[in-house]
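Q: curious how this folds, go ahead:
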Amino acid sequence: MKQRLVKGIYCISALESLCMKKWLLFSCFVAGNWMLVFSCMGAELAPQAGSVKSNSVNASSLLASQSAAPGAPFPTKTISVIVPFPPGGTTDVLAREVLKKMQSNFKVPLVVVNKDGASGTLGSELVSRSIGDPHVLLLTATHHVINPSLLKNMPYDTRKSFTPISLIASAPNVLIANSAVPISSVSELIRYAKEHPGALSFASSGVGGANHLSGELFKVMAGVDMQHIPYRGAAPALNDVIAGHVPFMFDGLATVSKHLSEGKIKAIAITTLKRSQLAPNLPTISESGINGFEVSSWFGLYGPAQLSSVAVEKLSQEVQMALNSNDIRDLFLKLGVTPGEMDVPTFTAFVDEEMKKWSQVISNAKIPRQ
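A: A predicted model of the protein is given here:
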């Protein structure tokens, strides 16, 4: 290499043979003294287009190689979708299936990156730091809007650090009871709870979980007093409802459907505003006397803050095309979820309302920050 002095700054010219296949990043600064700064990255990290890849080991390194130039056309390189939960879960499966469907319309690879931990905040933080880059996205669940009111130290501002893009899917929850409980409707439950304050209880997967907050919202909207029995996970909670140790619980319809068909438990009502295709004869809580009651487990796609409207609209349109396809709809039905149907403004408003709702529920229930 030859060194040469240009306006008081040392620069280094790389050998032409290396420049053919490698790319070199130069950054030079003057801060009172001449500084020689250079950075080379030798190997390409992006996979070939045509398949959805995954990387659950070194998410930070992958994203560091993907910083976007302001005002650049979109897309210009690999699109990494961060899933802040382990591989194999519902969020991960939805991400992979949707990206697989979208891949044919993109000339760049679509990559799933699993970065789990800290109730989903570790992976979300990676995306929050990629300001303005539409090639770094987040696909996460309802926890995203609950965490701000539940966790003490958030590494980002959920409202300001992300750009809502699309609702991917939603899954109905259901109010279930032990088969021997002499209550089979919402009206009967409310009447009994008001006549016997504090006598009834409901199980949950733990303090601050979605099924716990569903119960707290029910208590507030129905004006009843019920005891919360937290467990370490949804499975042991459900087992105790089946065994009759706790009479009630809110849980995912897809999760409990087998137990319902076997008669081990019974369904009281579904938590969404509309009846579910999975159980069309099951009434909603809203139509059963608590007007406006709505709870669902949902999954959304976000980008970091300050995304261009062009990139947001492109992503939203491509996601909706994938969600409207027959194969995705058939697959989602088997998974027990409903494809999202919200445009960007509608989803943005939905996210804001969900944050407000769960913040109020957590405050009313006096749940301490963790």
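Q: got phi/psi on residue 175?
A: phi -90, psi 120 (degrees, to the nearest 10).
Q: quick check: it touching residue 211?
A: No: here residue 175 does not reach residue 211: they are 9.8 Å apart, not a contact under C-beta atoms under 8 Å. Glycine gets a C-beta too; all of them are placed from N, C-alpha and C.
Q: could you pull out the buried residues of the helix or strand that contains residue 112?
A: In this assignment (DSSP states H and E), residue 112 forms part of strand 110-114. Using 16 or more other C-beta atoms under 10 Å as the test for burial, strand 110-114 gives 110-114.
Q: centre of the chain versus that strand, how much separation?
A: 14 Å (C-alpha atoms, centre = their mean, to the nearest Å).
Q: same check, this time on stretch 347-363
A: So, by C-alpha atoms, centre = their mean, the centroid of stretch 347-363 is 14 Å from its chain's centroid.
Q: next: stretch 129-142.
A: On C-alpha atoms, centre = their mean, the centre of stretch 129-142 falls 11 Å from the chain's centre.
Q: how about stretch 221-231?
A: Distance, centroid of stretch 221-231 to centroid of chain: 26 Å (C-alpha atoms, centre = their mean).
Q: now list whatever residues contact both of residue 175 and residue 211.
A: 249-250 (C-beta atoms under 8 Å, 6 or more residues apart in numbering).
Q: give me the pLDDT for the residue nearest to residue 178 when sequence neighbours are not counted.
A: Among residues not flanking residue 178 along the chain, residue 244 sits closest, at 4.8 Å (C-beta to C-beta, 6 or more residues apart in numbering). Note on residue 244: pLDDT of 96.
Q: and what of residue 34?
A: Residue 34 is given a pLDDT of 33.
Q: and the residue nearest the centre of the chain, what does it touch?
A: Residue closest to the average C-alpha location in the chain (C-alpha atoms, centre = their mean): residue 140, at 1.5 Å. Residue 140 makes contacts with 83-85, 91, 120, 123-124, 299-300, 302, as judged by C-beta under 8 Å, 6+ apart.
Q: now do the longest helix along the chain: which elements does it pack against?
A: Counting residues, the longest helix found in the chain (DSSP state H) is helix 344-364. In this structure, helix 344-364 packs against helix 143-150, strand 162-178, helix 210-222, helix 309-323, with contacts taken as 3 or more C-beta pairs under 8 Å, 6 or more residues apart in numbering; DSSP states H and E.
Q: can you show me the CA trace of the helix or strand hosting residue 327 as CSV?
A: Element membership for residue 327, per DSSP H and E: helix 326-335. Provided in CSV are the C-alpha atoms of helix 326-335 (Å, rounded to 0.1, in the frame of the first residue of the first chain):
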residue,chain,number,x,y,z
ASN,A,326,-55.2,-18.6,0.2
ASP,A,327,-52.3,-20.7,1.4
ILE,A,328,-51.4,-18.2,4.2
ARG,A,329,-55.1,-18.0,5.3
ASP,A,330,-55.4,-21.8,5.3
LEU,A,331,-52.1,-22.2,7.3
PHE,A,332,-53.1,-19.5,9.8
LEU,A,333,-56.5,-21.2,10.4
LYS,A,334,-54.6,-24.4,11.3
LEU,A,335,-52.4,-22.4,13.7
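Q: what helices and strands are in contact with it?
A: So helix 326-335, by 3+ C-beta pairs under 8 Å, 6+ apart, packs with helix 90-102, strand 338-339.
Q: quick one: contacts of the shortest one?
A: Applying C-beta under 8 Å, 6+ apart, the contact partners of strand 338-339 are 168-172, 276-277, 323-324, 328-329, 332.
Q: include pLDDT when you put those into a markdown table, please.
A: Below are the contacts of strand 338-339 laid out as a markdown table (pLDDT from 0 to 100):
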| residue | pLDDT |
| --- | --- |
| 168 | 98 |
| 169 | 97 |
| 170 | 94 |
| 171 | 92 |
| 172 | 91 |
| 276 | 89 |
| 277 | 83 |
| 323 | 98 |
| 324 | 97 |
| 328 | 97 |
| 329 | 96 |
| 332 | 94 |
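Q: report the two of those residues separated the most.
A: 172 and 324 (20.2 Å; C-beta to C-beta).
Q: who's more crowded, these two?
A: The neighbour count for residue 172 versus residue 324, taken as other C-beta atoms under 10 Å, is higher for residue 172 (26 against 11).
Q: any idea how far residue 269 is from the more buried one?
A: 10 Å (C-beta to C-beta, to the nearest Å).
Q: where does the closest residue to residue 179 other than its chain neighbours land in three-state SS?
A: Spatial nearest neighbour of residue 179, chain neighbours left out: residue 266 (5.4 Å); criterion: C-beta to C-beta, 6+ apart. Under DSSP: H, G, I helix; E, B strand; the rest coil, the three-state class of residue 266 is strand.
Q: repeat that for residue 232.
A: coil.
Q: number of nearby residues for it?
A: Residue 232: 9 neighbours (other C-beta under 10 Å).
Q: hmm, residue 139 is touching residue 97, no?
A: No: with contacts counted by C-beta under 8 Å, residue 139 stays clear of residue 97, the gap being 11.1 Å.
Q: what about those two, which has more around it?
A: residue 139 (28 against 19).
Q: three-state assignment of the more buried one?
A: Per three-state DSSP, residue 139 ends up strand.
Q: ok, it - contacts?
A: Neighbours of residue 139 in contact, by C-beta under 8 Å, 6+ apart: 81-83, 91, 94-95, 98, 168, 299-302.
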